[in-house]
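> coords below, sequence missing:
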């Protein structure tokens, strides 16, 4: 392959990908955050995954935080939101173990709501149950927005070979 191959851990600060076609291999937490950022900076990005990952959108700024900031000290707010977030994550994990089909259906409905009807839900439909493997969060729905706008495409497949041009 004659193009650039870059691992996120060795990202060159001077990398200019604006206007280029980019393939990001993988669908883990790094890809989930990297892909929409690259698309926002002018790249046409394809996210290539071997198998789909469960994803959920979450706000990057906690709405409870700003409300509590008016009345409580920062340490109390941090503690309260941390307890709530851990409780929510534990509840989702427990529900995933007790009622995996219900949680799977809920996650697909939420994802479909974020993506609209134009995107094939198969790219967000893992074969395994929620929390059997990783679950990624999409900050502020940015990945979903980039997909809806056509700046990002998803491919679920295997890589057979690399050639000089692709």
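Now that the structure is in, tell me what you want to look at. All figures in this text were calculated on a predicted structure; none of them were measured in a lab.
> for this protein, what spans make up the strands?
21-25, 44-49, 54-58, 135-139, 152-156 (DSSP state E).
> Let me see the residues that make contact with the helix or strand of the chain with the lowest mean pLDDT.
Lowest on mean pLDDT, DSSP states H and E among the helices and strands of the chain sits helix 63-68, with a mean of 83. For helix 63-68, contacts defined as C-beta atoms under 8 Å, 6 or more residues apart in numbering pick out 76-77, 80-81, 84. Glycine gets a C-beta too; all of them are placed from N, C-alpha and C.
> swap in stretch 101-120?
Stretch 101-120 is contacted by residues 54-57, 92, 95-96, 121, 124-125, 129-130, 138, 141, 144, 147-148, 154 when judged by C-beta under 8 Å, 6+ apart.
> mind running it again at 6 Å?
With C-beta atoms under 6 Å, 6 or more residues apart in numbering as the test, stretch 101-120 has contacts from 54, 57, 95-96, 121, 124, 130, 141, 144, 147-148.
> Also stretch 47-55?
Contact with stretch 47-55 is made by 23-25, 27, 31, 35, 107, 123-126, 130, 135-136, 138, 154-156, as judged by C-beta under 6 Å, 6+ apart.
> distance between the ends of it?
For stretch 47-55, the first-to-last residue distance is 14 Å (C-alpha to C-alpha, to the nearest Å).
> what mean pLDDT would you report for that stretch?
What stretch 47-55 shows for mean pLDDT is 94.
> Stretch 1-11 now?
88.
> any idea how far that stretch is from the chain center?
In terms of C-alpha atoms, centre = their mean, to the nearest Å, the gap separating the centre of stretch 1-11 from the centre of its chain is 21 Å.
> cool, stretch 159-166 as well?
Using C-alpha atoms, centre = their mean, the offset of stretch 159-166 from its chain centre is 26 Å.
> Span of that stretch from start to end?
Using C-alpha to C-alpha, first and last residues of stretch 159-166 are 11 Å apart.
> Next: stretch 112-131.
This stretch, stretch 112-131, spans 19 Å end to end (C-alpha to C-alpha).
> Sitting in helices, which of the contacts of stretch 101-120 do you find?
Counting by DSSP state H, the contacts of stretch 101-120 place 95-96, 144, 147-148 in helices.
> Understood, closing this out.
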